[in-house]
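Chemist: Compute the structure for the input listed below.
(one chain, ligands or ions: 1)
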Amino acid sequence: MKNVEKSRHKYTESQAYLAGGVASSLRSAMKPTPLFASKGSGPRIWDVDGNVYIDYLLGYGPLILGHAHEATTESVYAAMKRGITYGLQHEGEIELARTLTEILPCADKVALSGSGTEAVMLALRLARAYTGKRKIVRFHGHYHGWSDTIFTSFPSSDMRQSDTTALVSPVDQTILPGTSGQSEIALKDIILLPWNDSAALETALREHHDDIAAVISEPVMCNSGCVLPKPGYLEQMRNLTNELSIVMILDEVITGFRLGLSGAHGKFGLKPDLVTIGKALGGGIAVSAVAGSQDIMALIENGTVSHLGTLNGNGVATAAALATIAELSKDEGAVYAKMIKNADLLVEGIRRLLAKHSLPGIVNQIGPVFHMMFTQEPKVEDFAAFTQRDAAKYSEFSSKMLEEGVLVRSNGLWYLSAVHGEQEIEETLAAVDRALAHL
Ligand code: PLP
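Modeler: This next block holds a predicted model:
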């Protein structure tokens, strides 16, 4: 057993002062105890007990260049020395905004915020102001941050048995809030649909388009099984929203700068009206953006929509994003090509080991992000199939991986960085082999 006594003590100490002992509720789920980190370097992270782990949590996604990347860290230091935030405009904002408009196909203009949650809040506000309508269509299994207007929870089981007509017809739906204390009124404007279901989408949009301001969707359902859109599904979403005067928002907080410089919408050749990006954009520093078409972003320019935030566009955030983008842009796609090659190696290895240990499981992958699950399902192509996985068994597996010196999220989602190399992949696969043998 790995010694994590110091982490245990720190957790107890933390609970005396920090509500819940963790700064973001999800983090308390880690077994045997939430780990306390002492440092990170490249693809590895150390805890306060001196254990070292190959890191596939990567700060829940942002660390696309690994920990303490030299060039980006230097750039952030240099920006800090020039003053952390001004409350005035500065050239870094122009440079970042220009860069994003050049890179992201859907971006005529951008707006900068601090987190993915804030970017989504702004995108929804823009859509409502632009259309003069209120309802927002969102999908089971997607996550768009924790703000009152969009945070919902989902039944984790029995999706197969649930009355899908209730999902198709948004009338009389019960939308479960994501947490206690949420405004129920805010959720009355949500229409919840099954994702990857063309008929449900078409029915709901055609029946209720007079009330629908926006459809918001992850382009790949990364938060629930890394499920790819069925061929033509996002295109159908684009066509219907165009036809029915509904704003299409792709939430690229995970996929932005992770699937490639131009995100999922660039990769799939789509032109949504708005995209939200965060996580990998800042390489670990808090920064997010909404990017979109001129006619919608004009609502900020002409003062119709307020976009506020004390630290929006601060010099540290813009320096971090610019340095991260510069690193990712090096050698004409070579950084992504290497990351994807290594992710392929790892995923193929995991699939091979699942077969070797006769453990039914699936790994859904898109580039350097993938979801591993234990399941009897032949494939996982929607949220209903995702709910059939054995979450408890995976959580046990993730604890065994910690024992083996590999940090993975307990829900099955893995991120790979540009600095994970063949050495790390080899060590990780050896750890997977041992962890699966002990399941
Ligand atoms: N949108 C998506 C798709 C996400 O995965 C997340 C976070 O995981 C968010 C929005 C919220 O971002 P943040 O945690 O930065 O507020």
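Chemist: who touches stretch 346-366?
Modeler: For stretch 346-366, contacts defined as Cβ atoms under 8 Å, 6 or more residues apart in numbering pick out 220, 222, 225-228, 255, 259, 343-344, 370-377, 379-380, 414, 416, 425, 428-429, 432-433, 436-437, 439. Bear in mind the C-beta positions are built from the backbone N, C-alpha and C, glycine included.
Chemist: Just the mean pLDDT for it, thanks.
Modeler: Along stretch 346-366, the predicted confidence averages to a pLDDT of 98.
Chemist: In that stretch, which residues are buried?
Modeler: Residues 346-347, 349-350, 353-354, 361-366 are the ones in stretch 346-366 that count as buried (16 or more other Cβ atoms under 10 Å).
Chemist: Kindly report the same for stretch 50-59.
Modeler: For stretch 50-59, the neighbour count (16+ other Cβ under 10 Å) marks 51, 53-59 as buried.
Chemist: Can you pull the residues of this structure lying near the ligand?
Modeler: Neighbours of the ligand within the chain, by Cβ under 6 Å from any ligand atom: 115-117, 120, 143-145, 218, 223, 251, 253-254, 278.
Chemist: Now, these that are in helices?
Modeler: Counting by DSSP state H, the members of the residues of the chain next to the ligand that fall within helices are 116-117, 120.
Chemist: The stretch 151-300 of the chain: strands as residue ranges?
Modeler: Here the stretch 151-300 of the chain has its strands, by DSSP state E, counting those that start in this stretch, at 152-153, 176-177, 190-193, 212-217, 247-252, 274-277, 288-292.
Chemist: I'd like these laid out as JSON lines, including mean pLDDT.
Modeler: As requested, the strands of the stretch 151-300 of the chain are arranged in JSON lines below (pLDDT from 0 to 100):
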{"stretch": "strand 152-153", "mean pLDDT": "88"}
{"stretch": "strand 176-177", "mean pLDDT": "88"}
{"stretch": "strand 190-193", "mean pLDDT": "94"}
{"stretch": "strand 212-217", "mean pLDDT": "98"}
{"stretch": "strand 247-252", "mean pLDDT": "98"}
{"stretch": "strand 274-277", "mean pLDDT": "98"}
{"stretch": "strand 288-292", "mean pLDDT": "98"}
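Chemist: Same list, the ones you listed, but as a markdown table with distance to Arg8 please.
Modeler: As requested, the strands of the stretch 151-300 of the chain are exported to a markdown table (distance: least, Cβ to Cβ, whole Å):
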| stretch | distance to Arg8 |
| --- | --- |
| strand 152-153 | 29 |
| strand 176-177 | 32 |
| strand 190-193 | 39 |
| strand 212-217 | 40 |
| strand 247-252 | 36 |
| strand 274-277 | 37 |
| strand 288-292 | 34 |
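Chemist: Could you point out which of the ones you listed sits nearest Ala107?
Modeler: strand 288-292 (3.6 Å; Cβ to Cβ).
Chemist: That closest one pairs with which strands?
Modeler: Its sheet considered, strand 288-292 pairs with strand 109-113 (antiparallel), strand 274-277 (antiparallel) by DSSP bridges.
Chemist: Could you measure from the residue in the stretch 301-439 of the chain positioned nearest to the ligand over to Leu57?
Modeler: Taking Cβ to the nearest ligand atom as the measure, the point where the stretch 301-439 of the chain comes nearest the ligand is Leu413, at 9.4 Å. In this view, Leu413 and Leu57 are 9 Å apart by Cβ to Cβ, to the nearest Å.
Chemist: on that earlier part again, isn't the residue of the stretch 301-439 of the chain closest to the ligand right next to Val369, touching?
Modeler: Yes. The pair Leu413 / Val369 is scored as a contact, 7.1 Å apart, by Cβ atoms under 8 Å.
Chemist: what sits in contact with each of these two?
Modeler: Any residue near both Leu413 and Val369 by Cβ under 8 Å, 6+ apart counts here, and that gives 222, 226.
Chemist: Same list, the strands paired with strand 288-292, but as a markdown table with mean neighbour count please.
Modeler: Formatted as a markdown table, the strands paired with strand 288-292 follow (neighbours: other Cβ atoms under 10 Å):
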| stretch | mean neighbour count |
| --- | --- |
| strand 109-113 | 23 |
| strand 274-277 | 30 |
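Chemist: quick one: which of those strands is nearest Gln15?
Modeler: When those are compared (using Cβ to Cβ), the closest one is strand 109-113, at 30.6 Å.
Chemist: The residue of the stretch 301-439 of the chain closest to the ligand: neighbour count?
Modeler: 23 (other Cβ atoms under 10 Å).
Chemist: Work out the gap between stretch 269-289 and the centre of the chain.
Modeler: For stretch 269-289, the distance between its averaged C-alpha position and the chain's averaged C-alpha position is 10 Å (Cα atoms, centre = their mean, to the nearest Å).
Chemist: Ends of that stretch, what's the gap?
Modeler: Across its full length, stretch 269-289 reaches 20 Å between end residues, using Cα to Cα, to the nearest Å.
Chemist: buried set for it?
Modeler: 270, 272-289.
Chemist: now stretch 147-157
Modeler: Neighbour-count burial for stretch 147-157 flags 147-152, 154 (criterion: 16+ other Cβ under 10 Å).
Chemist: Kindly report the same for stretch 313-332.
Modeler: By neighbour count on 16+ other Cβ under 10 Å, the buried set for stretch 313-332 is 313-325, 327-328.
Chemist: go on, stretch 193-210?
Modeler: Buried, per 16+ other Cβ under 10 Å, within stretch 193-210: 193-197, 200-201, 203-205, 208-209.
Chemist: Let me know the closest of those residues to the ligand.
Modeler: Nearest to the ligand among the buried residues of stretch 193-210, counting by Cβ to the nearest ligand atom, is Trp195 at 12.5 Å.
Chemist: sorry, back to before: mind checking which of the contacts of stretch 346-366 are buried?
Modeler: The neighbour-count test (16+ other Cβ under 10 Å) marks 220, 222, 225-228, 255, 259, 343-344, 370-375, 377, 380, 414, 416, 425, 428-429, 432-433, 436 as buried among the contacts of stretch 346-366.
Chemist: Kind regards, and thank you for your time.
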